[in-house]
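**Q** predicted model and sequence below, questions to follow.
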Amino acid sequence: MVETQRINRFTKRINRGELNTIAALKALSELPDSPGGPVLRSALYELNRLVGLDQVKEVVLEIKAYLEIQQKRAACGLRSSPQMLHMIFKGNPGTGKTTVARLLGQIFKGLGVLPRGHLVEVERADLVGEYIGQTAQKTREKLKDSRGGILFVDEAYSLGRGGEKDFGKEAIDVLVKGMEDWRSEFILVLAGYRLQMSQFVALNPGLSSRFPLQIDFPDYTVHELLAIADMMATERHYQWSPAARLRLERYLANKLLYQRPHFSNARLVRNILEKSLRRQALRLSRRENLSREDLVLIDRADLAVEDR
Amino acid sequence: MTRKIAVVGAPASGKTLFSINWCEYLGATRLYYYELNGTGRRKGTITPSEARKRMVSKGRSQPARTFIINQPGQSPSRLAITDTFSLLHKTILNAKERMQLSFTLKTLATTDIILNLVDLTCSDPHQVEFIAAVDRHLSEFSTRRAVHYRLLGNKIDLLKNRSKIPGWPVSGPLIPISVKTRAGFELLREKIF
């Protein structure tokens, strides 16, 4: 039953005077949830919490809305057209591609599109073999593992390198065949650097039409990276001192300016934070009588970055 | 994307003042709002100080209001904070109160975060029992639906001994706040975002 219908039926009981406040809240807490409801809600909440990625969030909302409308159409006896949900993610490292793929698995599970919604993350070495016949077998095994969920091929462009004789080509063929054979049983996500992925798709003309959803993961801005740094620190019950935050901001601005496209975005921030926490621990271990504030604060000297 | 927050609580627990002050604390200088009362809907834009003057009425029946604020560059970029109708400790509700309860429960069923405000200065044992029951059901509901739920103990500024928060029979940790002085807002922000 559609969620709103369920709630409307429940509120009618209140309007008829059958339930007072406590009885209504009790009934609400016992209200059976639609399949995957909590999973969907939780995944959408997590997606919402991700810093930036506005375009990605918009696309996810569009897909969600489309699937919900198709379900409603089907309930009214109208023809509902299945949509190809295989995707290409283009973006630099640390821009959230794997995180979003994992959440998409949960969202599609919540929407009833995928029964399991798990993520099988692979790279070239997991699909491509060294001998004739090995590649097809390895790739088919991964396809089998991912049935009911998402097969996420990281640095997928590497399957296209090495020319005609490379076994990567064979892996692509098996993946494409899997997309046809198990059309509605799994979702294939090919991910990698923006430029390389564009070249990869251009060199394999059959791919473009099979991946109608091509999502761009832009580099984070300095402002967004700082928000990520704050969030990561807060989650671990730490806090950047104003001086440390300022130094981090300058460092990230420099990195963004000079290190594109090899800038590792949120992953760089996480590495800096983890190294800084070790440095802070070392600094504090030399002191006695530590206050709560001392234990929380990451100082400028703790920050694991090099000044230019 | 918009994140929905439902603010619930008994009458005079500070829901409206909390909603306005929380919006202001999050950086909003103007609040877009729409409200629902027994006779219809109204919408508009208002400053937080004007909203405090016009909308806060201690303990009197109030319309339910949703305040929408934008937070550019932050995640989520938009918040919809619904100041719901008060939860009434009554055995029999009249038609208007039933409509209000329906609205509150509909809001709860579709929200992302539930903030339940309780008045820490309340000493009526029947009311405390009611608040504990409300908390228990909301806590169960939020666990089943994977909704974020926080219990906020308001009016710590009015407690004679602030370090001693009453030991209420509630489901989990209570975040002590003062809606009036905004004490505890920083902690709340950490807990829900």
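**A** Here it is on my side, so go on.
**Q** so where's chain B uncertain?
**A** Residues of chain B meeting the criterion pLDDT under 70: B:1, B:37-40, B:58-61, B:72-76, B:146, B:161-168.
**Q** strands of that one, residue ranges please.
**A** Assigned by DSSP state E, chain B shows strands spanning B:2-9, B:31-36, B:41-46, B:64-70, B:78-83, B:113-119, B:148-154, B:174-176.
**Q** will you turn those strands into TSV that also has mean neighbour count?
**A** All C-beta atoms are positioned from the backbone trio N, CA, C, and that covers glycine. TSV is the format used below for those (neighbours: other CB atoms under 10 Å in any protein chain shown):
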stretch	mean neighbour count
strand B:2-9	22
strand B:31-36	19
strand B:41-46	12
strand B:64-70	20
strand B:78-83	22
strand B:113-119	23
strand B:148-154	22
strand B:174-176	19
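**Q** which ones are touching the spatially closest residue to B:Tyr34 that is not a sequence neighbour?
**A** Nearest in space to B:Tyr34, with sequence neighbours left out and distances taken as CB to CB, 6 or more residues apart in numbering or on different chains, is B:Lys43 at 3.8 Å. Contact partners of B:Lys43, counting by CB atoms under 8 Å, 6 or more residues apart in numbering or on different chains, are B:32-35.
**Q** give me that answer again for 10 Å
**A** If you count contacts by CB atoms under 10 Å, 6 or more residues apart in numbering or on different chains, B:Lys43 has them with B:32-36, B:65-66, B:68.
**Q** which one of those residues is nearest A:Gln280?
**A** Nearest to A:Gln280 among the contacts of B:Lys43, counting by CB to CB, is B:Ile68 at 39.7 Å.
**Q** so how far is B:Leu79 from the spatially closest residue to the closest one that is not a sequence neighbour?
**A** Nearest-residue entry for B:Ile68: B:Tyr32, 4.6 Å, with adjacent residues in sequence omitted and distances by CB to CB, 6+ apart. Distance, B:Tyr32 to B:Leu79, by CB to CB, to the nearest Å: 11 Å.
**Q** so what sits against both of the two?
**A** B:23, B:67-70.
**Q** all helices of the stretch 1-150 of chain A, in order?
**A** According to DSSP state H, counting those that start in this stretch, the stretch 1-150 of chain A carries its helices in the segments A:3-15, A:21-30, A:37-49, A:54-75, A:97-110, A:124-127, A:134-146.
**Q** contact residues of the stretch 201-308 of chain A facing chain B?
**A** Listed as neighbours of chain B in the stretch 201-308 of chain A under the rule CB under 10 Å from any CB of the partner chain: A:221, A:223-224, A:227-228, A:231, A:234-235, A:237, A:239.
**Q** what comes up buried for stretch A:203-222?
**A** A:204, A:207, A:210-211, A:213, A:215, A:217-220, A:222 (16 or more other CB atoms under 10 Å in any protein chain shown).
**Q** same deal with stretch A:57-65?
**A** Result for stretch A:57-65 [16+ other CB under 10 Å]: buried residues A:57, A:59-60, A:63-64.
**Q** export those residues as CSV, with columns for pLDDT.
**A** Shown next, in CSV, are the buried residues of stretch A:57-65 (pLDDT from 0 to 100):
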residue, pLDDT
A:Lys57, 86
A:Val59, 84
A:Val60, 83
A:Ile63, 84
A:Lys64, 82
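**Q** ok, of the residues you listed, which one's closest to A:Asn15?
**A** A:Lys64 (30.4 Å).
**Q** isn't that closest one right next to A:Gly112, touching?
**A** No - using CB atoms under 10 Å, A:Lys64 makes no contact with A:Gly112, being 11.6 Å away.
**Q** packing partners for the helix or strand hosting A:Ile172?
**A** Using DSSP states H and E, the element containing A:Ile172 is helix A:168-181. Here helix A:168-181 touches helix A:124-127, helix A:134-146, strand A:150-153, strand A:187-192, helix A:205-210, going by 3 or more CB pairs under 10 Å, 6 or more residues apart in numbering or on different chains; DSSP states H and E.
**Q** okay, helices next: where are they in chain B?
**A** With DSSP state H, the ranges of helices along chain B come out as B:15-25, B:48-55, B:95-109, B:125-145, B:185-192.
**Q** quick one: which of those is nearest A:Leu103?
**A** Per CB to CB, nearest to A:Leu103 of the helices of chain B: helix B:125-145, 17.7 Å.
**Q** which residue packs closest to residue 137, ignoring adjacent ones?
**A** If you meant another chain, say so; for now it's chain A. Using CB to CB, 6+ apart and skipping the chain neighbours, the partner closest in space to A:Gln137 is A:Gly129 (7.1 Å).
**Q** my question was about chain B
**A** Excluding the flanking residues, the one nearest B:His137 by CB to CB, 6+ apart is A:Leu25, at 3.8 Å.
**Q** same question for A:Ala43.
**A** Closest residue to A:Ala43 apart from its sequence neighbours, by CB to CB, 6+ apart: A:Gln106 at 3.6 Å.
**Q** let me see the contact set for that neighbour.
**A** Counting by CB under 10 Å, 6+ apart, A:Gln106 makes contact with A:36, A:39-44, A:46-47, A:114, A:117-119, A:149-150.
**Q** same check on B:Phe141?
**A** Listed by CB under 10 Å, 6+ apart, the contact set of B:Phe141 reads A:25-31, A:33, B:105, B:108-109, B:114, B:147, B:149.
**Q** and the residues you listed, which of them are buried?
**A** Here, 16+ other CB under 10 Å leaves A:25-29, A:31, A:33, B:105, B:108-109, B:114, B:147, B:149 buried among these.
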